[in-house]
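>>> quick one: sequence and predicted model below, then my questions.
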Amino acid sequence: MYKIVGTDGRQYGPVTGDQIRRWLAENRVNAQTLIQAEGSAEWKPLISFSEFASEFRMAPPHIATSSPNPRASNKIAAGVCGILLGCLGIHKFILGYTTAGLIMLLVSILTPIVSCFTFGVAGTFVMAVIGIIEGIIYLTKTDDEFVRIYVDGHREWF
């Protein structure tokens with residue numbers, strides 16, 4: 001027979017070992033619940049009683065791993081291409097955004113030609129910066145976020 005200290009700080013009991021095991025299963029007591037064995041003056045945590053040791057066999061800790069989302073298979077390729085070849089819009093083509101890719105490609109190629117290389121480099125520079133930013137954004141998203149935003153959501157820019 002045992003006495004226990006409830007979460008309200010009050011003493012309960014006497015209770016049997018079977019009752020304590022039921023309460024463990026119901027999460028009404030835990031390893032740190034204070035228990036006093038019959039004939040003892042000492043209060044100890046439940047986990048310190050050998051008769052309840054089998055109730056606390058620890059399973060190995062569950063390590064949460066995120067399984068890769070197969071629909072995010074283009075995430076890394078698009079991210080790296082965005083960083084390295086962003087001004088050409090290659091990352092847009094990888095994701096299936098043909099119109100956005102063509103816009104980036106044409107701005108990068110045509111602005112230097114149209115403006116006779118004076119201010120046209122600015123268009124290429126702007127497209128490169130956009131590509132770098134988008135590449136970094138792609139690579140920092142989790143697979144599920146990437147799929148939600150860029151695959152399912154069809155978000156072409158940033």
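Looks like it came in fine.

>>> hey, let's count contacts and neighbours off CA atoms from now on
Will do.

>>> what segments of the protein are helices?
With DSSP state H, the ranges of helices along the chain come out as 17-25, 75-85, 90-94, 98-114, 121-140, 143-146.

>>> what residues are up against Arg71?
147, 151 (CA atoms under 8 Å, 6 or more residues apart in numbering).

>>> so how far is Thr142 from it?
For Arg71, the distance to Thr142 equals 12 Å [CA to CA, to the nearest Å].

>>> which residue lies farthest from the center of the chain?
Residue farthest from the centre of the chain, counting by CA atoms, centre = their mean, is Gly39 at 51.0 Å.

>>> what's around the closest residue to Ile132 other than its chain neighbours, how many residues?
Excluding the flanking residues, the one nearest Ile132 by CA to CA, 6 or more residues apart in numbering is Ile83, at 4.1 Å. Neighbour count for Ile83, taken as other CA atoms under 10 Å: 20.

>>> and what of the one 4 residues further on?
Neighbour count of Cys87, defined by other CA under 10 Å: 27.

>>> what about this protein, any weak spots by pLDDT?
Low-confidence segments of the chain (pLDDT under 70): 57-67, 114-120.
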